[in-house]
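# A structural model of the following input is requested.
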Amino acid sequence: MTRQSLLKGFFVLLLALLMVLAVTEVSWPEGEMDAISNEDVSWTMFGDEHSSAYALVVLMIGLLLLVAILGGVFLAKEEKE
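Next up is the predicted model:
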């Protein structure tokens, strides 16, 4: 094994350990959770006739992610000589 592959393995294990510790050490709430319906979530995300809530923000983030993915594909494409 090369030194580079050992370093990669070490950092993968370190990241896995950090993820496990993050999940196990968080003080999760106990007992009854607030009852939230699908309608409440939709009103929060998309608003009502008087407010647009987060709909525009979600749309803009989706558009930004689409452009980023297309840019990454364009940059990763190999050029033929």
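# so which elements touch the worst-scoring helix or strand of the chain on mean pLDDT?
Sorting the helices and strands of the chain by mean pLDDT, DSSP states H and E puts helix 38-46 at the bottom, at a mean of 80. If you count contacts as 3 or more Cβ pairs under 8 Å, 6 or more residues apart in numbering; DSSP states H and E, helix 38-46 packs onto helix 55-76. Every C-beta, even on glycine, is put in place using the N, C-alpha and C of the backbone.
# what helix or strand does residue 32 sit in?
According to DSSP states H and E, residue 32 maps onto no helix or strand at all.
# and it, how many neighbours does it have?
6 (other Cβ atoms under 10 Å).
# quick one: contacts for it?
The contact partners of residue 32, taken as Cβ atoms under 8 Å, 6 or more residues apart in numbering, number zero.
# oh, and call the first residue 46 from now on, that's how I've got it
New numbering, starting at 46: the last item is residue 77.
# right, I'll leave it there.
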